[in-house]
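Peer 1: Model the following, please.
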Amino acid sequence: MRYWIVVASKDHVARGTTGGFVQANHGKQAALKRMAADDWLICYSPKQTFAGNELCQAFTAIGQIADDKIYQHQMTDTFNPFRRNVKYYESIDAPIVPLIEDLDFVPNKKSWGYPFRFGFLEISEHDFNLIKSKMIS
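Peer 2: Numbering: from 1, shown residues only. Presented below is the predicted three-dimensional model:
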């Protein structure tokens with residue numbers, strides 16, 4: 001079992017949780033191929049909306065990869081992103097700032113946003129359990 005973080009605005013995460021899917025890195029397939037059924041996924045939202053500037057800086061969804069299928073979904077004539085099915089769990093948003101000191105995937109506590117720059121990362125079970133403890137009671 002592996003543990004992943006996908007970075008997306010909170011409004012995009014909400015679309016995924018409502019639809020039971022995840023997209024990563026603007027719909028590219030590579031990140032989704034690294035995941036396997038039953039892996040855990042946490043969504044981190046730096047902003048409230050994709051087009052806006054209002055900060056969120058919280059973990060906003062948690063779930064498990066539902067199966068081994070990767071598929072494309074036609075959103076527009078020119079945008080067919082890849083997706084995976086996810087079983088999301090009832091959770092609350094967990095702000096990142098109070099957790100930074102205890103997260104191993106954040107080696108430089110002053111530049112804590114750096115690990116999120118590629119939009120997708122694997123984390124340790126320790127970090128996953130810490131974040132999960134703040135999201136699910």
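Peer 1: Which strand or helix spans the residue most central in space within the chain?
Peer 2: Averaging the C-alpha coordinates of the chain gives a centre point, and the residue nearest to it by C-alpha atoms, centre = their mean is Cys43 (2.3 Å). Using DSSP states H and E, the element containing Cys43 is strand 40-47.
Peer 1: From Ser91, how far out is the closest residue to Gly52 other than its chain neighbours?
Peer 2: Nearest residue to Gly52, sequence neighbours excluded (C-beta to C-beta, 6 or more residues apart in numbering): Ser9, at 7.9 Å. C-betas here are computed from N, CA, C, even on glycine. Look at Ser9 and Ser91: by C-beta to C-beta, to the nearest Å, they are 17 Å apart.
Peer 1: now the strands for this structure?
Peer 2: Using DSSP state E, the strands of the chain run over 3-7, 21-22, 40-47, 55-72, 82-88, 94-95, 120-123.
Peer 1: any idea how far Gln64 lies from Arg117?
Peer 2: Relative to Arg117, and taking C-beta to C-beta, Gln64 is found at 25 Å.
Peer 1: Much appreciated, bye for now.
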